[in-house]
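Chemist: For reference, the sequence and a predicted model appear below.
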Amino acid sequence: MGIYEELKERQLIAQVTNEEEVRKLINSGGARFYIGFDPTADSLHVGHFMALCLMKRLQQAGNKPIVLIGGGTGHIGDPSGRSDMRSMMTKEIINHNCSCFKKQMERFIEFGEDKAIMLNNADWLLKLNYVELLREVGACFSVNNMLRAECYKQRMEKGLSFLEFNYMIMQAYDFYYLNNHYDCNLQFGGDDQWSNMLAGSDLIRRKTGKDAHSMTITLLLNSQGKKMGKTASGAVWLDKNKTSVYDFYQYWRNVEDADVLKCIRMLTFLPLDEINEMENWQGSELNRAKEILAFELTKLVHGEDEAIIAQNSAKALFGAGSDDANMPSTKLNFDGDKIALVDVLVDCSLCQSKGEAKRLIQQGGITIEGTKITTLDYELTKSELKDGLKIKKGKKIFHKVFVD
């Protein structure tokens, strides 16, 4: 089985410009391909997971990855999948976010001579002269076709800024530039990027007469059709300082029964024969499948040692005993002798705001050391926090808070 056939069996391929040509290209290890990552935050998140895993699979099959960091396109903001305009970031924030990406990516992709390379499109996009760009590529784009693209159609009712309207041209220019300077012949991206990717392939054909292909990756959706990787407190990050290793593990341990096998197939590197044997698992066997999923993905992102600790912590918390040695924890610092519970919930990132914390308390979603708390003005004292207190949010999220 070639890598293309494996990607199809893992249900990772959504759309492709020329299936037979792309099949030959990546099965022979002849793809010099790129995937773009705009620096919208200082960490990658689960939404990037599919792309990172795809790059790893393709590199293992002998293909050469180009990681393209969007230091230039980040100044515009991708309208795809958005109902409103993204907040504009400063140049300093964009540069900081770009610098945070490579370390996380190195767990998936091997960089080095004749291996993967990382580029930043700020190196060419920010140097472009607008009139020269219009003369060079403007005639290759049909406004009518652009407005029919899904990434723009969904924004037309609420308003599409001219700033964002240029995003497709910038992304297409990236592919054209990489094709000219790095022999890049293939672009991968999320299925919501299809219109932008086709624009790049078409621009290369019009300007050079060469074929350059595009393929989209299936979006990671749950059984309700919603994107995975979000929790009540926000995105599931790959940076353990933003989402702890334990919380990352627990996110995957708690996926719905209907989603677990799909996630194992699409995201893990377990052999397909082994995954196929899980198809008929039911009941407690599905819980075992969730443990496998959580362990494999935590190992990929944070390493095997951290995955073992997270797994052991989860088993201790939900097993017969109760061991909180490896439970996520927060050391609190506050003036005076008392601190409001709503402040504690925000400080340890169990809630994103005091309003959310109050709603959670009112709904009976917070338990401290086995006692459900429903009083909005509930306070914790430094003396009782000295040895630490265990807070449970909902049924499965635990956190320990303490003071020195």
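Modeler: Yep, that arrived. Numbering: from 1, shown residues only.
Chemist: give me every residue that touches Val344.
Modeler: Shown in contact with Val344 (Cβ atoms under 8 Å, 6 or more residues apart in numbering): 332, 380, 391, 401. Heads up, the C-betas are built off the backbone N, CA and C, glycines and all.
Chemist: Dump the C-alpha coordinates for stretch 391-404 into PDB.
Modeler: Presented in PDB, the C-alpha positions along stretch 391-404 are these (Å, rounded to 0.1, in the frame of the first residue of the first chain):
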ATOM      1  CA  ILE A 391     -11.500  21.200  42.800                       C
ATOM      2  CA  LYS A 392     -13.700  19.200  40.400                       C
ATOM      3  CA  LYS A 393     -15.300  20.900  37.500                       C
ATOM      4  CA  GLY A 394     -18.200  18.900  36.100                       C
ATOM      5  CA  LYS A 395     -17.600  15.100  36.200                       C
ATOM      6  CA  LYS A 396     -14.100  14.700  34.900                       C
ATOM      7  CA  ILE A 397     -11.900  17.800  35.300                       C
ATOM      8  CA  PHE A 398      -9.800  18.000  38.400                       C
ATOM      9  CA  HIS A 399      -7.500  20.700  39.500                       C
ATOM     10  CA  LYS A 400      -5.500  21.300  42.700                       C
ATOM     11  CA  VAL A 401      -5.000  24.800  44.200                       C
ATOM     12  CA  PHE A 402      -2.600  25.700  47.000                       C
ATOM     13  CA  VAL A 403      -0.600  28.500  48.500                       C
ATOM     14  CA  ASP A 404       2.900  28.400  50.000                       C
END
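Chemist: residues making contact with it?
Modeler: 247, 250, 254, 317-318, 324, 327-333, 344-345, 348, 350, 360, 365-368, 380, 382, 385-390.
Chemist: Tell me the gap between that stretch and the middle of its chain.
Modeler: Put simply, stretch 391-404 sits 26 Å off its chain's centre (Cα atoms, centre = their mean, to the nearest Å).
Chemist: Give the buried residues for that stretch.
Modeler: Buried residues in stretch 391-404, defined by neighbour count with 16 or more other Cβ atoms under 10 Å: 391-393, 397-403.
Chemist: Please apply the same query to stretch 8-27.
Modeler: Quick answer for stretch 8-27 (16+ other Cβ under 10 Å): 10, 12-13, 16-17, 22-23, 25-27.
Chemist: Please enumerate residues in contact with it?
Modeler: Counting by Cβ under 8 Å, 6+ apart, 1-5, 7, 30-31, 33, 50, 54, 58, 61, 63, 185-186, 191, 194, 198, 201, 211, 213-219, 262, 265-266, 272 sit against stretch 8-27.
Chemist: Pull out the buried members of the residues you listed.
Modeler: Buried, going by 16+ other Cβ under 10 Å: 3-4, 7, 31, 33, 50, 54, 58, 61, 63, 185-186, 191, 194, 198, 201, 213-218, 262, 265-266, out of these.
Chemist: so of the contacts of stretch 8-27, which ones are in strands?
Modeler: 33, 186, 213-217 (DSSP state E).
Chemist: ok, those vs Asn166, which is closest?
Modeler: Taking Cβ to Cβ as the measure, Asn166 lies nearest Ser214 of the ones in strands among the contacts of stretch 8-27, at 19.5 Å.
Chemist: Can you select the buried ones among the contacts of stretch 391-404 for me in PyMOL?
Modeler: Buried residues within the contacts of stretch 391-404, by 16+ other Cβ under 10 Å, are selected in PyMOL with:
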select buried, resi 247+250+254+317+327+328+329+330+332+344+345+348+350+360+365+366+367+368+380+385+389+390
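Chemist: What number of residues are in the vicinity of Gly225?
Modeler: Close neighbours of Gly225, defined as other Cβ atoms under 10 Å, add up to 7.
Chemist: go on, the one 5 residues further on?
Modeler: For Lys230, the neighbour count with other Cβ under 10 Å is 15.
Chemist: Over to the one 5 residues further on?
Modeler: The burial metric for Ala235, expressed as a neighbour count using other Cβ under 10 Å, is 16.
Chemist: Kindly provide the distance from it to Glu369.
Modeler: 30 Å (Cβ to Cβ, to the nearest Å).
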